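In: what's the 3D shape of this:
(chains A and B)
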There are 2 protein chains.
Amino acid sequence: MPADGSGAITRPDETVIKDLIEELRATFGDRVSTSMAVREHHARDFSFHELVPADAVVMARSTEEVVVIVKACAKRGVPIIPFGTGTSAEGHLAALHGGICVDVSEMNNVLEVNTEDMDVTVEPGVTRKQLNEYLRDTGLFFPIDPGADASLGGMASTRASGTNAVRYGTMRENVMSLEVVTAEGKIIRTARRARKSSSGYDLTRLFVGAEGTLGIITKVTLKLFGIPEAISSAVVSFDSLKGAVDAVISTIQWGIPMARIELLDEVQMDALNKYSDLDYPVEPTLFLEFHGSDAGVKEQAERMAEICEEFGAGNFNWTSNAEERDKLWAARHDAAYSAIALRPGCAVMATDVCVPISRLAECILTTKQDIDEAGIVAPIVGHVGDGNFHVELLIHPDTREEDLQICNEINRKLVERAIAMDGTCTGEHGIGQGKLKYQEAEHGEALNIMRTIKIALDPQNIMNPGKTVKM
Amino acid sequence: MPADGSGAITRPDETVIKDLIEELRATFGDRVSTSMAVREHHARDFSFHELVPADAVVMARSTEEVVVIVKACAKRGVPIIPFGTGTSAEGHLAALHGGICVDVSEMNNVLEVNTEDMDVTVEPGVTRKQLNEYLRDTGLFFPIDPGADASLGGMASTRASGTNAVRYGTMRENVMSLEVVTAEGKIIRTARRARKSSSGYDLTRLFVGAEGTLGIITKVTLKLFGIPEAISSAVVSFDSLKGAVDAVISTIQWGIPMARIELLDEVQMDALNKYSDLDYPVEPTLFLEFHGSDAGVKEQAERMAEICEEFGAGNFNWTSNAEERDKLWAARHDAAYSAIALRPGCAVMATDVCVPISRLAECILTTKQDIDEAGIVAPIVGHVGDGNFHVELLIHPDTREEDLQICNEINRKLVERAIAMDGTCTGEHGIGQGKLKYQEAEHGEALNIMRTIKIALDPQNIMNPGKTVKM
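Out: Here you go, the predicted model:
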């Protein structure tokens, strides 16, 4: 039974698939692959979910080619699963009902940079690092940083965010417009290039976060920002986790514009020290960054230091040196790898709740009790300015069933706790198949509105079925 | 024929309405009104559109009461038009197909302020000034300022913004969650109180800007901001309109965080001087405001002055004094009244296009040619940081038909110009009935997706019919 609880998997008839693949080969030739290695590669993401490969993988190179694939699938009622870089985290790529995986990674052209308007239009396979490399000489950059070098189409689809959402927002705030191929193979553009609009329903925001279940994104128009004149980063440890969170709350209330503010618990700091040969205090720690003018960053840093001291902070390590900053954030981005290094060979079940920040310390501390009671080691890292944090639960292949049982139970309690605190089961990873079981509790009657929209826009249920909305 | 072009008005049968009103009277008593004065008051907005009163007006005092009204209307297929303060600008309140107006202005309680989380939940009839008055002692404020003291439910419904969207965003960015009564009378909550979420479709953004055509908003949860330590405002005139716009582009690229940046053309400045007895230079002028720390605001102001000088600015008038600032922004908010004072007795047709900022100067200057060619006087005022501006076209009752012909033609050319520049027909006023005719050109195939959503969520077409989406 698939994770969406919709009953037995009903894969399309084999002859239907055979006929479809033949039709696709006429257009795509070698770009249609049925090799198991290719199919498995395209079903694999950054999660612990089971591998369920599609029946074939097609490399698309243009919007028009995506239309050809969608129409060929639609006329047979065969599912379509879009693929960018395979860095999603909730089993988004599993072909739960068979079908065709559409790989858009070769649609990777930056189409148009408008420096005066500070926006860019890209094909969906362009990755965030590729985009920033491309923008290097313009003085502009795209800030959203989920850690992985994800494709921008994928980041839009999962409503991704990451370390600097506290300053720059998430994909929800930064996607200006999308081109989408709908379930019936029509090409639409969700909005124009104006900075704001009150013209009709907000289709951009409807497709951002829809995880390919309403259509396939074929172009993305994004906001850009000026590269700040000055950047200053710091690491500061606290004698209690609550002190660290309270310092952040106070900083936000004072309106100090932090660009990044990341919380790592003492378990995570210990793992980082071991993995990256560092010697940070093994205490709850904030990794900070400020963007602005020279004077502005200096002022912000001073105020931040005062606030942190008030809440039990220890020594502050500031740096404005680019190389040292890169090292600092590389360490932060290594959090997941350092967690895995605690038990080599593991996959990570990264929990992803997001709660009102007033409840964050309580939510983390109670969860740490659950972890202790289960007798496991699980580092915690959080985008604390947003109230979003991840527990890195480790699943080892040798003890998969046992580990899954323990970790699923911790995750379940955590999600229920977050929902009771008026939070969400996922701050940035998405629903995929992994979080479907929590949607009823989180959305209640609103889930029926989501279902109505899904049925209206994809009546055959062929767009990445079994994901995003529990049917 | 109604403005939506859907054919003749089909009003519900008189006996159906009579029966409905009787049923509503059983619950609402005196709060059901059929007096023409009340019905006309509730059909009137800030626009030039014709008055089309509903068959009755009901004052609702709770979500449950809204449900009662919606269910009574739904079972008879009778339209429902929500009313907040009557400050919309595109004929949103006209009962084009008859029906019941639901007045939520008495649902005006602030329900919950969370200072640590910096959010607030209000009933839809709370106005923005009422909210800020309520928040006075918390150190927090709600920034969105469309000029009029609109209701927050109405502002959400029209995706409103105003003078400080350049810094704080529009209602799209600042509504965290909504409670909505759907077309079948179900109560949903569109999101939880987490700052971000990747859980399912973004229903919040779907209802923000839907103008009551998908459901009635009964609660609004909003982001709040800390009142800045320092505020500094300025007025600066330029020797050309293009210089003023280019200065703004440069400022944004430098990342100088302006809180407000408003453009008034020389015609508007002349009108303001006359209306408010001021003596500003009659030149293209920027009204500016910076929010931040004392040192930060000072630094921003200095940089801004340097940039403006480069682009042909004249003398700068700075003030940090609260009283003087209020006077300055009162003058800016009087723009529409000062325009009307040019020809007393007129209604205003405020155009509302929004274009990529790189095209703004060209868009305004070409439009000024149209105005000159038509031989009329029409001031221009713009939220220049967003690329959004209004031409105040005047419609006098004595020459209504003639004025309408001239002004509609200028507006049509302007909208077509904006769309050709990849802009939108409405930056902040909404579609209502006034902009329906431009939707095909602006949205193309995407309009069919909007229609599909409307039909799926409101199959009887009873929620504010004839607005927002051309059917």
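
In: CA atoms for contacts and neighbours, from now on please.
Out: OK.

In: residue of the stretch 101-250 of chain A nearest chain B, please.
Out: Closest contact between the stretch 101-250 of chain A and chain B, by C-alpha to the nearest C-alpha, is at A:Ser197 (4.1 Å).

In: find the nearest non-adjacent residue to that residue, please.
Out: B:Gly427 (4.1 Å; C-alpha to C-alpha, 6 or more residues apart in numbering or on different chains).

In: rewinding a little: quick check, the residue of the stretch 101-250 of chain A closest to chain B in a helix?
Out: No: counting by DSSP: H, G, I helix; E, B strand; the rest coil, A:Ser197 is not part of a helix but coil.

In: identify the residues contacting it.
Out: B:159, B:354, B:424-428, B:430 (C-alpha atoms under 8 Å, 6 or more residues apart in numbering or on different chains).

In: quick one, phi psi at it?
Out: phi -160, psi 150 (degrees, to the nearest 10).

In: for A:Ser177, see how far away it is.
Out: Distance, A:Ser197 to A:Ser177, using C-alpha to C-alpha, to the nearest Å: 11 Å.

In: just the buried residues of stretch A:11-26, please?
Out: Across stretch A:11-26, burial judged by 16 or more other C-alpha atoms under 10 Å in any protein chain shown covers A:12, A:17, A:20-21, A:24.

In: now do the contacts for A:Leu214.
Out: Contacts of A:Leu214 (C-alpha under 8 Å, 6+ apart): A:182-183, A:207, A:454, A:457-458, A:463.

In: now with 10 Å, please.
Out: Taking C-alpha atoms under 10 Å, 6 or more residues apart in numbering or on different chains as the criterion, A:Leu214 is in contact with A:180-183, A:206-207, A:453-459, A:461-465, B:201.

In: go through those and flag which are in strands.
Out: When these are checked against strands (DSSP state E), the matches are A:180-182.

In: name the member of the residues you listed with the most neighbours.
Out: A:Val180 (26 neighbours; other C-alpha atoms under 10 Å in any protein chain shown).

In: is that residue in contact with A:Thr218, as I believe?
Out: Yes: at 5.5 Å, A:Val180 counts as touching A:Thr218 under the criterion of C-alpha atoms under 10 Å.

In: shared neighbours of the two, anything?
Out: The contact lists of A:Val180 and A:Thr218 share A:63, A:66-67, A:187-189, where a contact means C-alpha under 10 Å, 6+ apart.

In: can you lay out these as JSON lines showing secondary structure?
Out: Converted to JSON lines, these look like this (three-state DSSP):
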{"residue": "A:Thr63", "secondary structure": "helix"}
{"residue": "A:Val66", "secondary structure": "helix"}
{"residue": "A:Val67", "secondary structure": "helix"}
{"residue": "A:Ile187", "secondary structure": "strand"}
{"residue": "A:Ile188", "secondary structure": "strand"}
{"residue": "A:Arg189", "secondary structure": "strand"}
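
In: where in chain A is pLDDT low?
Out: Along chain A, segments meeting pLDDT under 70 span A:1-9.

In: one more time with 50, if that's ok
Out: Low-confidence segments of chain A, defined by pLDDT under 50: A:1-7.

In: show me what contacts A:Arg39?
Out: A:33, A:51-58, A:95, A:100-101.

In: verify the contact between A:Glu401 and A:Ile395 for me.
Out: Yes: counting by C-alpha under 10 Å, A:Glu401 does reach A:Ile395; the two are 8.6 Å apart.

In: quick one: which of those two has more around it?
Out: The neighbour comparison of A:Glu401 against A:Ile395 (other C-alpha under 10 Å) goes to A:Ile395, with 24 against 12.

In: list the contacts for A:Leu457?
Out: Taking C-alpha under 10 Å, 6+ apart as the test, what A:Leu457 contacts is A:182-184, A:213-215, A:451, A:463, B:449, B:452-453, B:456.
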